[in-house]
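# Sequence and predicted model, in that order:
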Amino acid sequence: MSPFKSIFRSTAFQKTISCLLIGYIRFVHWTGSWTRVNEDVPNELHEAGKPFILALWHGRLAMMGLAWRYGDTVTVLASAHRDGRIIARVLEGFGFFVVHGSTNKGGANALRRLTKTLKNGGVIGITPDGPRGPRMRAAEGVIMLARLAKVPIIPMTFAISRRRVHTSWDRFVVPLPFARGVYMWGDPISAPTSADRTLMEDKRLELERAITDLTAKADDLLEQENVQRGISP
C-alpha cells in the first residue's frame, strides 16, 4: 500500500475530514435561508410513535444532517468503504446512529439490525441508490426492509440555489454558502403486503419515481436545472 493510501485510510485523516465537513455544513446552513415543505408528514408519524423509513438519493446527502428536528432519533445505513466511513462520521457528528452495511447482496446482518430498529419504533434513513449506484435507481433492499418491518417509506430531498455538482457517479450536490435552500418530504409509500415479485417491483418503481419527482420539484422551486433534465453545475 502506498503512503498516500495509508494516510487516506487512517482514522486520524478521516476524523479530520469529517470535522471539516461538519463545520462547513453548519456554515452553509447558518448563512442560508431555509424552507421546509411537508415536514408535518414525518413529524406526525414520529410524534405518534410510529416507525418509518426516510429515503433520498445519495447525491442529496450533503445537508441531511440538519434537515429534520428529530434527526438525533434516526438510524442511518452507511457502507463500510472509505467514503462511507467518512459520511458515517459526519452523520454521527449530527447525532445520527449508524449501521454499517448494505441492504443488497451480503447485507443480511444490516437488514436484520434495521428491521429490529423499526420494529422497536425507530426511524431509518437510507439512500436506495447507494453506495455505488446506479444513480437514481432504487435497490430492492429498501422495499424488502419496509415489507419485513411493515412500515411506510417517506421520500425526502434538499435543493439549494447556489451549488456545485460533482462529477462522481451520484452527481453529488455540493451546497454553497449564502444561498436559499429547501428541505422537502413526500407522501408516505405503504409497505408491500407480500413478497410477490410483481408487487415488490411495482413498489420499487413507485419509490424511485417519488424520490426523483420530489427532487425535481425542489430544484424547480429554486430555479435549478432538475434531475429529470440532467444536472448542470
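Now that the structure is in, tell me what you want to look at. Numbering: from 1, shown residues only.
# can you tell me the helix or strand for Glu208?
Using DSSP states H and E, Glu208 sits in helix 197-221.
# Please pull out the lowest mean pLDDT helix or strand from the chain.
helix 3-9 (a mean of 50; mean pLDDT, DSSP states H and E).
# Check which element follows that helix along the chain.
Per DSSP H and E, the helix or strand that comes after helix 3-9 is helix 11-31.
# May I see the buried residues of whatever helix or strand comes next after that following helix?
Where DSSP H and E defines the elements, the next helix or strand beyond helix 11-31 is strand 33-37. Neighbour-count burial for strand 33-37, counted by 16 or more other CB atoms under 10 Å, picks out 34, 36-37. Glycine gets a C-beta too; all of them are placed from N, C-alpha and C.
# Likewise for stretch 39-48?
Buried residues in stretch 39-48 (16+ other CB under 10 Å): 39, 41-42, 45-46.
# swap in stretch 115-132?
Of all the residues in stretch 115-132, those buried under the rule 16+ other CB under 10 Å are 115, 117-118, 122-131.
# Can you flag which of the residues you listed belong to helices?
115, 117-118 (DSSP state H).
# Longest strand of this protein, counting residues only.
Secondary structure of the chain per DSSP state E: the longest strand is strand 153-160.
# list the buried ones in that one?
153-160.
# for the closest residue to Gly93 other than its chain neighbours, what are its contacts?
Nearest non-adjacent residue to Gly93, counting by CB to CB, 6 or more residues apart in numbering: Ile22, 4.4 Å away. For Ile22, the contacting residues are 65, 90, 93-94, by CB atoms under 8 Å, 6 or more residues apart in numbering.
# Arg163 now?
Contact partners of Arg163, counting by CB under 8 Å, 6+ apart, are 173-176, 179, 224, 233.
# Select from the residues you listed the one having the most neighbours.
Ranked by the number of neighbours (other CB atoms under 10 Å), these place Val173 first, at 25 neighbours.
# picking that back up, and which of the contacts of Ile22 is nearest to Tyr183?
Distance ranking of the contacts of Ile22 against Tyr183, using CB to CB, places Gly65 first at 11.4 Å.
# which stretches of this structure have low pLDDT?
Residue ranges of the chain with pLDDT under 70: 1-10, 80-84, 102-107, 226-233.
# redo that, cut-off 50
Applying pLDDT under 50 to the chain flags residues 1, 3-5, 7, 105-106, 228-233.
# And the next helix or strand past the longest strand of the chain?
strand 163-165.
# ok, residues contacting the helix or strand just after that following strand?
Downstream of strand 163-165, the first helix or strand assigned by DSSP H and E is strand 173-175. If you take CB under 8 Å, 6+ apart as the criterion, strand 173-175 is touched by 25, 28, 32, 59-60, 62-63, 159-160, 162-166, 181, 231.
# Drop the exposed ones from those and show what's left.
25, 28, 32, 59-60, 62-63, 159-160, 162-163, 165, 181, 231.
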